[in-house]
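Participant: Next comes the sequence, and after it the predicted model I'd like to discuss.
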There are 4 protein chains.
Amino acid sequence: MHKRRICVVVNSRANYGRIKSLLGAVKAHPDLELQLVLGASALLQRFGGVRSVIENDGFVPVSVVHTIVEGETPATMAKSTGLGVIELSTQFENLKPDIVLTVADRFETIATAIAASYMNIPVAHTQGGEVTGSIDECVRHAVTKLSHLHFPATEQAAEYIRRMGEDPATVFWTGCPAIDLVADLDLEMPADFFTRYKGVGDEIDIRKPYIVVLQHPVTTEYGSGFAQICETLEAVRRLEKQTVWLWPNVDAGSDDVSKGLRMAREKNQTKGIHFYRNFSPEDYARLIANADCLLGNSSSALREGAFLGVPAVNIGTRQQGRECGSNVVHADYDCRQILERAREQIQHGKYPRDGRFGIGDAGVKIANILATTTPRIQKRLHYSV
Amino acid sequence: MHKRRICVVVNSRANYGRIKSLLGAVKAHPDLELQLVLGASALLQRFGGVRSVIENDGFVPVSVVHTIVEGETPATMAKSTGLGVIELSTQFENLKPDIVLTVADRFETIATAIAASYMNIPVAHTQGGEVTGSIDECVRHAVTKLSHLHFPATEQAAEYIRRMGEDPATVFWTGCPAIDLVADLDLEMPADFFTRYKGVGDEIDIRKPYIVVLQHPVTTEYGSGFAQICETLEAVRRLEKQTVWLWPNVDAGSDDVSKGLRMAREKNQTKGIHFYRNFSPEDYARLIANADCLLGNSSSALREGAFLGVPAVNIGTRQQGRECGSNVVHADYDCRQILERAREQIQHGKYPRDGRFGIGDAGVKIANILATTTPRIQKRLHYSV
Amino acid sequence: MHKRRICVVVNSRANYGRIKSLLGAVKAHPDLELQLVLGASALLQRFGGVRSVIENDGFVPVSVVHTIVEGETPATMAKSTGLGVIELSTQFENLKPDIVLTVADRFETIATAIAASYMNIPVAHTQGGEVTGSIDECVRHAVTKLSHLHFPATEQAAEYIRRMGEDPATVFWTGCPAIDLVADLDLEMPADFFTRYKGVGDEIDIRKPYIVVLQHPVTTEYGSGFAQICETLEAVRRLEKQTVWLWPNVDAGSDDVSKGLRMAREKNQTKGIHFYRNFSPEDYARLIANADCLLGNSSSALREGAFLGVPAVNIGTRQQGRECGSNVVHADYDCRQILERAREQIQHGKYPRDGRFGIGDAGVKIANILATTTPRIQKRLHYSV
Amino acid sequence: MHKRRICVVVNSRANYGRIKSLLGAVKAHPDLELQLVLGASALLQRFGGVRSVIENDGFVPVSVVHTIVEGETPATMAKSTGLGVIELSTQFENLKPDIVLTVADRFETIATAIAASYMNIPVAHTQGGEVTGSIDECVRHAVTKLSHLHFPATEQAAEYIRRMGEDPATVFWTGCPAIDLVADLDLEMPADFFTRYKGVGDEIDIRKPYIVVLQHPVTTEYGSGFAQICETLEAVRRLEKQTVWLWPNVDAGSDDVSKGLRMAREKNQTKGIHFYRNFSPEDYARLIANADCLLGNSSSALREGAFLGVPAVNIGTRQQGRECGSNVVHADYDCRQILERAREQIQHGKYPRDGRFGIGDAGVKIANILATTTPRIQKRLHYSV
């Protein structure tokens, strides 16, 4: 009998960090074979060469597929989804996976789920059942409805998945593989940490405190990204702290965010800020673990942030409704509010560890379930049973 | 102020019958503008020239899009979905609809929902919340999660949609527009009914009783379609009744079904059977209303069939779990069981009218809601409110 | 050093027969590795399961790609080309061929050439430089302009390629691999020849004379296919000979041709005709070698027909201008003219062998050149040198 | 009778300048209707918002189509071509143009030509028959083979087109519409010229002499773009003149060029340089008309440059073999050679007007031919006549 083939489609730097421990666990499992497909922004230089990071970690992709239609508008996000479905169905037809695993809630996630489910290949899904804003919210739940195995990060997410009508026998609360990576890690930063990565802007002195900013566009507020980022920029300027700033994802509206950042740079209003495109998942974990505060709307502030106890100010609607620990406070797109909350959080300092998103064993747990469970391809809304 | 632009994508003969009354209601509404897009199998000759039927009804499409990747395999269904997303997003970008309406649970349905929702265009959905087999089951619920306005056909479907976490304020139990068409109709068949449509096989004598067969492949049982159709063919042969047989949809496995039908024809085992590709929605309603019995796995046996009280034998898993009236009995893919149930049903004769799928006013109700409700583009799982 | 990877994309039954000897020669060559990709109509059941024929011949495809957009209209031919380019570029990116070989003049041919040439992979092309009608004419020459190595079938075609401005050092007159297959073959037909293949219609008695008809739609005369095929059907009816009729290619207008054939069948005007979907390349060669006459517009009547000396009546414009031997006479789309010419040709009987399209060694010659020539990726119109 | 519908697909800033006079002439012609479709990089912000320039000029696009697959690698150029074919064939099916016009030699150009020619819509082509390097070379000639009406810029190009086997009756030497735009223009630069456009870098003093640099990647030398641009950067640094530098096209390798430019900026090695993304076609003409010297590999140095007599140093292979006037000298990718030639050219000053690419009446001439010629859709290699 052949090993069970588990195909994982990794599409971005964020994707990768959230699935890396599972990739390792699948690769190491005697009954599983890993089929790693790289696509979308994981292949794009301007998102920081995730491909080479992955290959350096010892994962060899069986194929790569380019699926991003350029433009970062709502229409091109839709088109990228369509192109993803077309390309991935060819991959699945040739790779013949037994299970396809898809991560979280992005357009590549649903493209993967659609291609596999139409092809009668069981879909396994991580990070389902969470609640947020942005288009991710409805995509995440649509992916749940297309999935045959659910690996939610939190107990509440598991409960929500069951309430949506999924068969409880297919819902496994394992915690999030993103936490595994953080839990396993020596979080100390080497002295040359900030010079290992390129990027532009003022130098960061590793011996001094710093904050981290990562703010993505909100696709359902398309057109407002420029104004939103300007509020954050002004708050950071007034805060007068060393700042590590990461460029946003490839989403509708990224251009607006980037434009705001570029204009600030041109006007020399980015004193103390260094802009980076990418870190390895481990270094990203170290970066936030040692930060005085996280600003923006990245889910990592809520997810890894809970485990690490790092103070965070979540800005705007993108994470609206997402479960979080006590390390997070919320602010509107409002310079003064952001500034005030950031000061309070820096003042407060570290929070105690919160294990709601997992405690470090999700990858191994999921791999074991993938090796032993035989999902039924015909789903049925569970209320009707 | 411009009229509210309602874009409806019609993709197949079945689609059309299920939305026709609404197309008329939107067109007639003083505050709405209808943008009709034709795609997928609605453009294909071998599915019976639905386009000309639509145009003869006075609906002028604003554009047509070819989206079917040939093959009728699981992989090509997936690809057709992807191509649909790509093409429809271009249409939506140029047509700028205020609301996009999508019907039921096919791959074109989810392609429409994905394109619109990524483009921040509210999605209205009919026939959500029902339960069946086949891939349609999970696609239908995924579309619900991507939709902003829900127009379920039955009270139970409305309840299921709410239980899945949709905001009750967005769920409108209107009944199904498919019933409107039946309710409005003079169901008498003209003497030349069967000669108006081409098709192949033995002649049907309109003065004598007949049965209707329509059996689609079940995508999640891909590969079994040939064996399944052979059971039905044998049952029909033994039943020795005049039979109107319709070709299946363009789905993974259609080829297997068609092969079974063609082989039976070559072997002259189709005595008394006439094969048709298409009827206008009205004539289809007349056809089933006057049949002694319906055989197969078409949802029309359950939906329009309930309203018409026409005896039906539902075969196999495709409609498994779908709500139905007393006019339906179930049979496995088993020649003897099908035969027995068919005889019983023919014996029984007509059932009383059952209004659970609607009573004939769905189109007008939906149009009024589309004209007056302003959907919120940012959804949120309602459990978390 | 790795073997030189030669990627051949086979897209249809006709394609396969025209490249099979070369596939064998590449596979057998010590310095070459064959990467066989199957696509387009080679994957479609209704074109006769070419895939299994190929696999039975011992060729294992490295991947398959579905690229036909259904409809057989001018728009869907264009779309199929586009989808082919998208899919094949992913294949080439993952397979990393050293040379891509593309056959003749179909939409899959130019899709292959565009994908490879934009990816800086040298393109080798067979059957360039010939002259015909249909869209194939301009596509063939466009492919020549995108190709880096030319393997024309005839001396005149080689001359035309050079006159079009290709570097003479890249033009190799090798003859056509299609002839190799015929030249190598025992042309005798086994007694059960006609029953080995399914198909529909009257039985063919192998002991009696028969003719072969194969008439494709002419894309540049889209809309006329139905009238054209009716003329041929009527001529065949009056000829009153046993007839083996092959279904047409997947091209804009195929539906019209098929419709003509189906209507004739329904009206019982196909006495003595048996319709087939596909033969293996060898059996197709046997079939035409032993026919009394070939009718239609297939290039095989001109190409293999010249070598075999089989009388042929070429109908209409599809082969207009194509070089041919004395075995071919021409007829308009005119029942009487076709009938008259067919009678004359049957009367005449076999013609002497004509080697202008090759003498049986093309495959080996081409493989040797592929193994030893290093094409320059930067082309230049040779007039300017 | 309807006006003849002329569909023009404009895909980039360069495209637009080269066809603008013709757009105006078509729009003004009493027998013609302009159908303007915008696609590809014409829609992308990072290529400078060409769309708004076009709309400000009074041209209203009938539709827009996103067709760029992100990555700027050889594989994504191929994919963008494929996506272009898919999207444009839908546009053509709905717009029903009588003639489609395509410009020059880019991937969007051949996508347009393939979609239209498969759909039996005559293709008109400008800038055919020229000779250059890069993938453009073979794409240009392939487009010629797919085109039904040829409007070459130069007498030699017309001759080459005929030699390639095109019917002389379809080849019209009209000159290039790009020259019309320059010929009509007041070339004086307003005082605020350089501040009207954003961009980054040192300020340009309009009262002092400046040079213009525009260097695209060479797709057939993919991977060398970074090294190539570094040579040019170093030459410009040593030249110590005010420099207007334009970002490159979206082509395989653009990323390498951009990376070179960004790195130079980060290292503060771009003294005296201002980087711009886009000018209106008129302002671009003014910019080069008043420059002391043009550096790089843009065809505008050869084309508009000949008419304007502006000294130019053409670098590398991209324009290799292209006809040019005496205003152009050539240099390898070599810092010292570039520097030396640039100094000589600046020293030399303006050259006399050279009308080989046209004298300013191409647009009107072409529009008149489009209004009066009826192209035959069935082409034939003219050698065989």
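Facilitator: Structure's in. What do you need? Numbers count the residues shown, from 1 in each chain, chains lettered A, B, ... in the order given.
Participant: Output the set of residues of chain A in proximity to chain C.
Facilitator: Residues of chain A lying near chain C by CB under 8 Å from any CB of the partner chain: A:S63, A:V64, A:V65, A:H66, A:L83, A:I86, A:E87, A:T90, A:E93, A:N94. All C-beta spots, glycine's among them, are computed from the backbone N, C-alpha and C.
Participant: in which helix or strand would I find the fifth one?
Facilitator: It refers to A:L83. Using DSSP states H and E, A:L83 maps to helix A:74-95.
Participant: mind checking pLDDT for A:M1?
Facilitator: We note a pLDDT of 67 for A:M1 in this prediction.
Participant: now swap in the one 5 residues further on and tell me
Facilitator: Predicted confidence (pLDDT) at A:I6: the value is 98.
Participant: Now do the SS call for it.
Facilitator: Three-state assignment for A:I6 (DSSP: H, G, I helix; E, B strand; the rest coil): strand.
Participant: Counting neighbours, what do you get for it?
Facilitator: If you count neighbours by other CB atoms under 10 Å in any protein chain shown, A:I6 ends up with 25.
Participant: go on, A:V123?
Facilitator: A:V123 sits with 26 neighbouring residues when counted by other CB under 10 Å.
Participant: which residues sit in contact with the closest residue to it other than its chain neighbours?
Facilitator: Nearest non-adjacent residue to A:V123, counting by CB to CB, 6 or more residues apart in numbering or on different chains: A:S147, 4.4 Å away. Residues near A:S147 by CB atoms under 8 Å, 6 or more residues apart in numbering or on different chains: A:T102, A:A113, A:S117, A:V123, A:A124, A:H125, A:G128.
Participant: Quick check: A:I206 vs A:F194, distance?
Facilitator: 6 Å (CB to CB, to the nearest Å).
Participant: Please identify which of the two sits among more neighbours.
Facilitator: When A:I206 and A:F194 are compared for neighbours, A:F194 comes out ahead with 20 against 15, by other CB under 10 Å.
Participant: Would it be right to say that that one lies in a strand?
Facilitator: No - the assignment for A:F194, made by three-state DSSP, is helix rather than a strand.
Participant: Next, count neighbours for the residue nearest to it when sequence neighbours are not counted.
Facilitator: Spatial nearest neighbour of A:F194, excluding adjacent residues (CB to CB, 6+ apart): A:I204 at 4.4 Å. For A:I204, the tally of surrounding residues (other CB under 10 Å) stands at 19.
Participant: Where do the helices of the stretch 51-200 of chain A begin and end?
Facilitator: A:74-95, A:107-118, A:136-146, A:155-163, A:177-183, A:193-196 (DSSP state H, counting those that start in this stretch).
Participant: Check which residues of the fourth one are buried.
Facilitator: This points to helix A:155-163. Going by neighbour count (16 or more other CB atoms under 10 Å in any protein chain shown), the buried part of helix A:155-163 is A:Q156, A:A157, A:A158, A:E159, A:Y160, A:I161, A:R162, A:R163.
Participant: if we can go back for a sec, so of the helices of the stretch 51-200 of chain A, which one's packed in deepest?
Facilitator: Highest mean neighbour count of the helices of the stretch 51-200 of chain A: helix A:107-118, a mean of 30 (counted as mean count of other CB atoms under 10 Å in any protein chain shown).
Participant: and it with chain D, contact?
Facilitator: No - shown here: helix A:107-118 not in contact with chain D (CB under 8 Å from any CB), separated by at least 13.1 Å.
Participant: Likewise for stretch A:86-99?
Facilitator: No - using CB under 8 Å from any CB, stretch A:86-99 never reaches chain D; the gap is at least 9.1 Å.
Participant: For that stretch, the averaged confidence score.
Facilitator: 98.
Participant: Now do it: distance to the chain's middle.
Facilitator: The chain centre lies 23 Å from the centre of stretch A:86-99; the measure is CA atoms, centre = their mean, to the nearest Å.
Participant: For the stretch 101-250 of chain A, which segments count as strands?
Facilitator: Secondary structure of the stretch 101-250 of chain A (DSSP state E, counting those that start in this stretch): strands located at A:123-126, A:149-151, A:200-201, A:210-214, A:242-246.
Participant: Check which helices and strands the last one is in contact with.
Facilitator: With contacts defined as 3 or more CB pairs under 8 Å, 6 or more residues apart in numbering or on different chains; DSSP states H and E, the packing partners of strand A:242-246 are strand A:210-214, strand A:273-276.
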